[in-house]
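In: Quick one, what's the 3D model for this:
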Amino acid sequence: MARVAAIGLDAAEWRLVEEWMKEGTLPNLRQLQSESAVFELENVREYRSEAIWGAFAEGRHPSTSGRWTNISFNPEIYQALDTGADKSLPFWSREGATPAVIFDIPHTSTRDDEGVTHVTGWGAHSALFPRASRPVGLLRDIDARYGPHPAFERDNVPSWYDQPYLSRLVEACEQGARTRIEIAKHLMESNPDWKFFVTAMSEPHSVGHHAWHGVDPTHQANKTKHAAFAREAMRVLIPLGVTFDRTVATGGGPDVTPLAQQGVPAFRLNQDGSDYFNWHHTADDVIDRVDARKLDQNVAAWAALLWLIADSDADFRRPAPDARPAAR
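Out: This is a model prediction of the structure:
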């Protein structure tokens, strides 16, 4: 039987990968493509989530397996539960499967299967399974020889606007990608009877969460001046108790969304709306129920933000519809 080695580019946008291959930024992948048969798979809606790796391992569509995500809902206690990685039988562990090496595939669980070498959680983004290996001790030996992935569990800080953090993250992912390849070669050499090998390069996933605005020209924060504005806003608003996340607002809220769609600049501060419907359109929806402390914070935050915007050249207009890339 011929050997099969599979490398997944976790969460990589293929449209950009194709552009970078044409530009010469990815010469090795471009050469591999030129020497290979190329097939384009349909990216159905159900696979545009993190269900993809569990579906890949199990070989079944989520509508068949019933596993759409690692979050399940128990109606008896009315509570959401994290079920962790997929524990279904993967195709490489089924009867008659060939010797396999499985390295750092997200959402998979190790098993005591003969002929299968499996490492989880070395550096996968959202592994959903503890750092482990079969045989036991293999991951410990890998850590001793190569070290853990430098970005592992350090890629969840919501700091897309923080250039020093982005620089450290990108450097860690570049180093981790190189080390991943070295470990992959080591595992294949240490298991000479392998017939199937697979790993997932999780680095595009880790970087994509924070730096997508740096590679997508249609992203609202693509221009560096937006990051500079975010840093200045952070400096002014954090002392007021305003926190930041990596989500870029695409409008000013439902009441003004039609204006934003027509090119009117829009921005917003997301308020804590957890008790919104306790008061909204009720008999208690009156001015004397307003928390004076929260109102003071709200006024101060908006005044500070408007002051910054008035002195900024950042463009808060939504990109034109025809400037957005077509879905594939």
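
In: where along the stretch 1-150 of the chain do the strands fall?
Out: 4-9, 71-74, 79-82, 100-103, 116-120, 132-134 (DSSP state E, counting those that start in this stretch).

In: So which of those strands is nearest N278?
Out: strand 79-82 (21.4 Å; C-beta to C-beta). For the C-beta atoms, the positions are set from N, CA and C on the backbone; glycine is no exception.

In: Who are the packing partners of that closest one?
Out: strand 71-74 (3 or more C-beta pairs under 8 Å, 6 or more residues apart in numbering; DSSP states H and E).

In: In terms of secondary structure, what does the strand it packs on contact?
Out: On a contact count with 3+ C-beta pairs under 8 Å, 6+ apart, strand 71-74 meets strand 79-82.

In: and the strand it packs on, average pLDDT?
Out: The average pLDDT for strand 79-82 rounds to 87.

In: same deal with stretch 94-109?
Out: For stretch 94-109, mean pLDDT rounds to 92.

In: now swap in stretch 293-303 and tell me
Out: For stretch 293-303, the per-residue pLDDT averages 92.

In: can you pull the buried residues of it?
Out: In terms of neighbour count (16 or more other C-beta atoms under 10 Å), stretch 293-303 has its buried residues at 298, 300-301.

In: And for V119, the neighbour number?
Out: Residue neighbour count, defined by other C-beta atoms under 10 Å, stands at 23 for V119.

In: nope, N191 is what I meant
Out: Look at N191: counted by other C-beta under 10 Å, it has 16 neighbours.

In: With Q163 instead?
Out: Residues near Q163, counting by other C-beta under 10 Å, number 14.

In: and it, what pLDDT?
Out: For Q163, the model assigns a pLDDT of 74.

In: quick one: R317 and F196, what's the gap?
Out: 50 Å (C-beta to C-beta, to the nearest Å).

In: cool, R168 as well?
Out: 35 Å.

In: Ok, F91 next?
Out: 9 Å.

In: quick one: common contacting residues for those two?
Out: Residues within reach of F91 and of F196 at once, by C-beta atoms under 8 Å, 6 or more residues apart in numbering, are A97.

In: quick one: which of those two has more around it?
Out: F196 (18 against 13).

In: Surely that one touches P90?
Out: No. Contact criterion C-beta atoms under 8 Å: F196 and P90 do not qualify, at 10.9 Å.

In: Next, give phi and psi for R289.
Out: phi -90, psi -10 (degrees, to the nearest 10).

In: Count the residues that sit near the nearest residue to it once chain neighbours are set aside.
Out: Spatially, and ignoring its direct neighbours in sequence, R289 is nearest to W279 (6.2 Å; C-beta to C-beta, 6 or more residues apart in numbering). Applying other C-beta under 10 Å, we find 13 residues neighbouring W279.

In: how far away is W279 from G8?
Out: Noted for W279: a distance of 48 Å to G8, by C-beta to C-beta.
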